[in-house]
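> Fold the following, please.
(one chain, ligands or ions: 1)
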Amino acid sequence: MLPAPPTPCTNTGNTMPPSLRVLVLGGTTEASSLCRMLGTTWPTCHAVLSLAGATSQPHLPDMSTRIGGFGGVAGLTNWLHDHAIDAVVDATHPFAAQMSQHAAMACAATQRPLLRLERPGWTATPQDTWFMVPSIAEAASALARSSRWNTKPQSVFLTTGRKETRPFLAAPQHHYLFRSIEPPCPADLPPQTSVICARGPFDLEAELKLMREHQITMLVTKNSGGTATHAKLEAARILGVPVLMVSRPPAQDTPHAKDAAAALAWLHQCAASTLRAV
Ligand code: NAP
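Next comes the predicted model:
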């Protein structure tokens with residue numbers, strides 16, 4: 001039986017929660033925060049952090065870590081069995097839809113409780129001009145074909161991730177400023193693109209300076225949420241720059257937590273129900 005959706009952590013007394021074996025699917029700051037909390041507050045919890053291996057020099061917490069794909073749903077199912085995992089926290093990025101789907105399927109097959117740890121998305125204020133699009137492809141298509149933008153070349157600040165630039169080849173009339181942690185493949189970039197490699201967090205002053213220097217007229221971003229990369233939206237608001245905002249993929253039907261503390265509370269409940277079932 002799955003524990004109910006998370007409630008605030010109640011383990012504030014001296015009692016140590018029982019042991020639990022947890023897989024944390026990571027790649028986000030929320031995953032790292034949860035792992036730090038587990039390490040400092042719950043010595044009998046054996047947690048393994050899993051990373052896709054997308055970043056060549058990830059910031060790794062001091063704990064058990066594995067890197068690389070599991071080999072689809074079957075591979076993850078086997079891994080959960082082989083490592084006697086009691087519970088899974090899917091703390092992958094809000095746009096890592098495939099991994100979330102695989103986690104839901106493998107946990108259903110193995111009857112492991114699964115929690116989705118996902119930070120809330122950003123929301124527009126009345127001062128913002130956001131155009132919502134369902135995918136990166138639709139954002140590129142809007143730049144290529146929408147009568148609002150296709151005739152007048154725009155100066156586009158593109159922050160969609162280095163593996164997701166190809167669709168913008170279809171809108172080569174614009175100038176692009178592309179920013180990612182690691183460099184993208186040059187063949188996947190539209191012709192008039194400047195690349196900046198940088199890792200957040202970014203502050204408002206620097207974002208304003210960058211967007212002014214490049215005379216940005218359009219910002220394209222995924223609705224990743226969180227604080228680390230939010231300043232670009234504030235800068236766009238101040239400069240009157242419209243935003244093409246890519247909506248998140250549909251969520252899996254699993255319990256959700258919006259921060260690491262709520263995920264920790266859910267794991268305490270898992271441990272308590274595992275103990276009761278023994
Ligand atoms: P994805 O499309 O959902 O996943 C593609 C494949 O990568 C999965 O099927 C899985 O391979 C492997 N994978 C993904 N996350 C994994 C993890 N935490 N541990 C082990 N294998 C994992 O995901 P993605 O968009 O490529 O993102 C990859 C990673 O980068 C995720 O950890 C995500 O949190 C992080 N990230 C993604 C974005 C984004 O915008 N998508 C942004 C920042 C960080 P198998 O099928 O072989 O198991």
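> which SSE is Phe202 in?
Following DSSP states H and E, there is no helix or strand that holds Phe202.
> Tell me how many other residues crowd the spatially closest residue to it that is not a sequence neighbour.
Counting by CB to CB, 6 or more residues apart in numbering, Phe202 lies nearest to Ala231, which is 5.1 Å off, once chain neighbours are set aside. No exception for glycine: its C-beta is placed from N, CA and C like everyone else's. A count of nearby residues for Ala231, using other CB atoms under 10 Å, gives 18.
> Ok, the one 4 residues further on next?
Number of residues near Ala235 (other CB under 10 Å) recorded here: 24.
> In contact with it, which residues?
When contacts are counted by CB atoms under 8 Å, 6 or more residues apart in numbering, Ala235 touches Leu204, Glu207, Leu208, Leu210, Met211, Val241.
> Could you pull up phi and psi at it?
phi -60, psi -40 (degrees, to the nearest 10).
> do Ala54 as well
According to degrees, to the nearest 10, Ala54 has phi -70, psi -30.
> just checking, it touches Gly27?
Yes - at 6.9 Å, Ala54 counts as touching Gly27 under the criterion of CB atoms under 8 Å.
> Which one's more surrounded, these two?
Gly27 (20 against 15).
> My read is that the more buried one contacts Thr92, right?
Yes - when contacts are counted by CB under 8 Å, Gly27 is listed as touching Thr92 (5.3 Å).
> Backbone dihedrals for the nearest residue to Ala84 once chain neighbours are set aside, please?
Leaving aside its sequence neighbours, Ala84 sits nearest to Arg21 (CB to CB, 6+ apart; 5.7 Å). When read as degrees, to the nearest 10, the backbone of Arg21 gives phi -110, psi 120.
> Would you mind measuring from Arg21 to Ala87?
Noted for Arg21: a distance of 8 Å to Ala87, by CB to CB, to the nearest Å.
> and if you look at Thr123?
31 Å.
> Which positions in this protein make contact with the ligand?
25-28, 50-52, 54, 69-72, 75-76, 92-93, 95-99, 102, 161, 222 (CB under 6 Å from any ligand atom).
> If any of those residues are buried, put those into a ChimeraX selection.
Buried members of those, defined by 16 or more other CB atoms under 10 Å, are picked up in ChimeraX with:
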select :25,26,27,28,50,51,52,70,76,92,93,95,96,99,102,161,222
